[in-house]
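Novice: turn this into a model:
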Amino acid sequence: MLPALAAELGVAEVHALAWPEAGRLAADTRTTEALAARGVALVLHDGHTLLPPGAVRGAQDQAFKVYSAFARAARALGIPGPAPAPARLDWRPAPGEALADLAPDMRRGAAVLAAHAPEAGERAALRRLDQFLDRPVQDHATARDRIDLPGGTSGLSEALAVGEIGPRTIWAAARAVPGRGAEKFLSELLWRDFAWALLADRPDLPRANYRPDWDRFGWQGDGPQAEGWRRAMTGIPLVDAGLREMFVTGTMHNRVRMVVDSFLTKHLLTDWRVGAAWFDDCLTDWDPASNAMNWQWVAGSGPDAAPYFRVFNPALQAEKFDPAGAYRRRWLDPASGYFEAGSRAWGLDPAAPVRPLIGLAEGRARARAALAAMGSTLAPGHDG
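Specialist: Residues are numbered from 1 along each chain as shown. Here you go, the predicted model:
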């Protein structure tokens, strides 16, 4: 379709962001060949990350496995400024009929989803950035973990994921803001680059344990407990609230993502790839590198994991970061929209009580037993 459209419009070049992800690289190769057959060039730009993946290398040209070392090296290289906007753009609408409804088979939940749709486009993303840097960023180092309070995060993850704003634009603006909050915000942009550097070095990151010794860990495959997790019916309030937020809005607070991920992989002993696939399906800010690395980081199989077996305690996390329960009340309320937007096939009943899939103490003990059976050298204890 793209080669035919390019030929019909009479263009000489098609420009796109480069994604060093295996599926995308193969697609780019096919697209390059198909466009070339019609005399059109595909021009790829390194604008999805601060630095091109593979540009930050350690000794003996090896990829960094630890974030802190990667971040220091990236800063030493220097982050390029954003490219200037084109002086002029000639725009013509593509021929053909207007786009049809993208999801005619949903037949439900459209009004619920529409209420949470962010304002789209570059101007909206730049406005959100300016608003965040004007004041909220000053408290970002601590407020970013408060899931009950709005404004602790930038809200730019979707705009970054789809290219409405570039990371170099964000970096240049945030660097001009003094303070610990802005510095923490910059470090999160570097964490995103770290994920892409790992994916470029290890294209199997979304499919295989980064550390092969974790192939021995006693994770279970997909099954009834994983399905209960997907349906946000685990009986653990913070976990269910987070999964419902994601299903309705397409996003989830990062602190809650860690708790949700940990509950699946540790308390339910379910393979991290099962959870990553669900996030792939649900997230509107989905990013192949960040999703794969963050799931492996929480599961324990990934790079830069702390030297202990981390088990997030959903009750303690809720007490710390949703102390008055505002976040949980919002998404556990039957009026939240979750039951309206949820799949008909699930047959969810908002009035039915939800029994916990497993007790928190029991799940934690079972996870520790699986670690011991694996024969890991990791220190066994951290529950937070």
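
Novice: measure stretch 342-349 end to end?
Specialist: Taking CA to CA, to the nearest Å, stretch 342-349 runs 11 Å from one end to the other.

Novice: and it, what's buried?
Specialist: Burial within stretch 342-349, assessed by neighbour count using 16 or more other CB atoms under 10 Å, is assigned to Gly342, Leu348. Every residue, glycine included, has its C-beta placed from N, CA and C.

Novice: one more: stretch 22-31?
Specialist: Of all the residues in stretch 22-31, those buried under the rule 16+ other CB under 10 Å are Ala22, Asp28, Thr31.

Novice: so Phe217 makes contact with Arg368?
Specialist: No: with contact defined as CB atoms under 8 Å, Phe217 does not reach Arg368; the gap is 11.9 Å.

Novice: comparing the two, which residue is more hemmed in?
Specialist: Neighbours per residue (other CB atoms under 10 Å) separate Phe217 from Arg368, with Phe217 holding more: 22 against 16.

Novice: list the contacts for the more buried one?
Specialist: Contact analysis of Phe217 by CB atoms under 8 Å, 6 or more residues apart in numbering lists Gly300, Ser301, Ala370, Leu371, Met374, Ser376.

Novice: any idea how far Ala73 lies from Pro224?
Specialist: To Pro224, Ala73 is 45 Å away according to CB to CB, to the nearest Å.

Novice: what about these two, which has more around it?
Specialist: The residue with more neighbours, out of Ala73 and Pro224, is Ala73; 16 against 8, by other CB under 10 Å.

Novice: elements contacting whichever helix or strand the more buried one is part of?
Specialist: Here Ala73 is covered by helix 67-77, with elements defined by DSSP states H and E. Helix 67-77 is packed against helix 180-201, with contacts defined by 3 or more CB pairs under 8 Å, 6 or more residues apart in numbering; DSSP states H and E.

Novice: rounded mean pLDDT for the helix it packs on, please.
Specialist: The predicted model gives helix 180-201 an average pLDDT of 96.

Novice: now the terminal residues of stretch 203-223, how far apart.
Specialist: 27 Å.

Novice: in it, what counts as buried?
Specialist: Using 16+ other CB under 10 Å as the test for burial, stretch 203-223 gives Leu205, Pro206, Ala208, Asn209, Tyr210, Arg211, Trp214, Phe217, Trp219.

Novice: can I get these in CSV with distance to Asp240?
Specialist: As requested, these are exported to CSV (distance: CB to CB, whole Å):
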residue, distance to Asp240
Leu205, 28
Pro206, 26
Ala208, 30
Asn209, 28
Tyr210, 29
Arg211, 30
Trp214, 27
Phe217, 25
Trp219, 22
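
Novice: a markdown table for these, including pLDDT and secondary structure?
Specialist: As requested, the buried residues of stretch 203-223 are arranged in a markdown table below (pLDDT from 0 to 100; DSSP: H, G, I helix; E, B strand; the rest coil):
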| residue | pLDDT | secondary structure |
| --- | --- | --- |
| Leu205 | 96 | coil |
| Pro206 | 96 | coil |
| Ala208 | 97 | coil |
| Asn209 | 96 | coil |
| Tyr210 | 95 | coil |
| Arg211 | 93 | coil |
| Trp214 | 93 | helix |
| Phe217 | 92 | coil |
| Trp219 | 92 | coil |
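
Novice: now the chain, which segments are flagged as low pLDDT?
Specialist: 91-110, 113, 305-308, 376-384 (pLDDT under 70).

Novice: could you single out the nearest of the buried residues of stretch 203-223 to Ala182?
Specialist: Leu205 (29.4 Å; CB to CB).
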